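Asks: Provided below for reference: sequence and predicted model.
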Amino acid sequence: MGKVVLISPCRNEQDYMRKTLESVVGQTHPPALWVVVDDGSTDATPAILAEYCARYPFLRVVRREDRGKRSVGPGVIEAFYAGLDTVDLGQFEFVCKFDLDLELPRTYFEQVIARMRAEPRLGSYSGKPFYRDEHGQEQPEWCDDEIVVGMIKFYRVDCFRQIGGFVRQVMWDGIDSHRCRMLGWIARSTGDPALRFEHLRPMGSSDQNVLRGRRRHGLGQYFMGTSFAYLAASVLRRLFQPPYVIGALAMLQGYLGAWWRGEPRYDDPTFRSFLRRYQWGAMFRGKRRTIERIEREMEPVWAARHER
């Protein structure tokens, strides 16, 4: 099966990383190379990494200077590229941006690769995360089928290169999936129980708290080029997801604050036009039907690039 390289930006992950490390080294298809980028950790993270590096030769650590705080969005992607720059991607078939606060089923990578091999247009793929609430009960995290979740972005190297990699800005983990479809690839996350994995801390909470994460999401939607009508519809949907009303309002605040300040948007008019066509279709026809239609329309684009 195909060689996989994992790139893991991390900072101060001592509370979660042992579970993650153990779940990766115990995979039925472990990575050929795992580059962990320590983004200036001040806790026991470096010592734990050194312990595992001594035991597993496929694990390599890149150390960055302490920037004084956790940096999400563009900061995470800067750290990702600090690791990727040490790798010859041509030696691998798959590349994965992989966070150090996850616990995977043992066959996760094996199954993902098998499914991507069976569907040649599937350029990016993931399962869906869940977390445990204060009572220890499993709770699903919000993740639509057309977006591959940011904490475990699994790519064919060919697809990753064709989309130009990740944008070094907030909403990098939404832009990439839409760019995949622009080029005729399929990007998808699945709710198949066999690929469900545990997110050891709730999505959007790594940078202070969940509300800050919601505001950042609203800002990211503005940057990506999302229309206000689609944003408003998304806010209404978020009313039914914890933290409910205040979380939805925080997302709206992030979007409107960026608009009020006149912040720049993603500088690709063709992409923004493609995105809004999808968004209007999603509002009036539903997301699934719209994605299926786009995938049919863009198949010739993919085929033209992959004719033998």
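Replies: Perfect, I can see it now. None of these values were measured; they are calculated from a predicted model.
Asks: Only alpha carbons, please: show the helix or strand hosting residue 35 as CSV.
Replies: Assigning secondary structure by DSSP states H and E places residue 35 in strand 33-39. Taking C-alpha atoms only, strand 33-39 is exported to CSV below (Å, rounded to 0.1, in the frame of the first residue of the first chain):
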residue,chain,number,x,y,z
LEU,A,33,7.5,9.1,8.0
TRP,A,34,6.0,11.3,10.7
VAL,A,35,7.3,14.9,11.1
VAL,A,36,6.2,16.6,14.3
VAL,A,37,6.7,20.3,14.4
ASP,A,38,7.1,21.5,18.0
ASP,A,39,6.0,25.1,17.7
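Asks: Give me the average confidence score over that strand.
Replies: Taken as a whole, strand 33-39 carries a mean pLDDT of 97.
Asks: And stretch 200-208, by the same measure?
Replies: On average, stretch 200-208 scores 60.
Asks: again with stretch 159-173
Replies: The model assigns stretch 159-173 a mean pLDDT of 95.
Asks: Return that stretch as PDB; C-alpha atoms alone will do.
Replies: The C-alpha trace of stretch 159-173 is given here as PDB (Å, rounded to 0.1, in the frame of the first residue of the first chain):
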ATOM      1  CA  CYS A 159      -4.100  16.400  -5.500                       C
ATOM      2  CA  PHE A 160      -2.400  18.400  -2.700                       C
ATOM      3  CA  ARG A 161       0.100  19.700  -5.200                       C
ATOM      4  CA  GLN A 162      -2.500  20.600  -7.800                       C
ATOM      5  CA  ILE A 163      -4.600  22.700  -5.400                       C
ATOM      6  CA  GLY A 164      -1.400  24.600  -4.400                       C
ATOM      7  CA  GLY A 165      -1.400  23.200  -0.900                       C
ATOM      8  CA  PHE A 166      -2.900  25.100   2.000                       C
ATOM      9  CA  VAL A 167      -3.600  28.900   2.100                       C
ATOM     10  CA  ARG A 168      -1.700  30.400   4.900                       C
ATOM     11  CA  GLN A 169      -4.700  32.200   6.300                       C
ATOM     12  CA  VAL A 170      -7.800  31.400   8.500                       C
ATOM     13  CA  MET A 171     -10.300  29.100   6.700                       C
ATOM     14  CA  TRP A 172      -7.400  27.200   5.000                       C
ATOM     15  CA  ASP A 173      -9.400  24.100   6.000                       C
END
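Asks: so where's the stretch 51-200 of the chain shaky on pLDDT?
Replies: 66-73 (pLDDT under 70).
Asks: What ranges does it have for its helices?
Replies: 74-84, 108-118, 157-162, 172-182 (DSSP state H, counting those that start in this stretch).
Asks: Quick one: work out the angle between the strand holding residue 35 and helix 74-84.
Replies: Here strand 33-39 runs at an angle of 140 degrees relative to helix 74-84 (axes from the mean of the first three to the mean of the last three C-alpha atoms, to 10 degrees).
Asks: any chance of the helices of the stretch 51-200 of the chain in a markdown table, plus mean neighbour count?
Replies: C-beta coordinates here come from the backbone N, C-alpha and C atoms, glycine included. Shown next, in a markdown table, are the helices of the stretch 51-200 of the chain (neighbours: other C-beta atoms under 10 Å):
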| stretch | mean neighbour count |
| --- | --- |
| helix 74-84 | 20 |
| helix 108-118 | 18 |
| helix 157-162 | 19 |
| helix 172-182 | 23 |
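Asks: Ok, which of the ones you listed comes nearest residue 295?
Replies: Residue 295 sits nearest to helix 172-182 of all those, at 6.8 Å, using C-beta to C-beta.
Asks: The closest one packs against which elements?
Replies: strand 122-126, strand 186-189, helix 210-224, helix 269-285, helix 287-305 (3 or more C-beta pairs under 8 Å, 6 or more residues apart in numbering; DSSP states H and E).
Asks: who wins for proximity to residue 157 among these?
Replies: Per C-beta to C-beta, nearest to residue 157 of the helices and strands packed on helix 172-182: strand 122-126, 9.9 Å.
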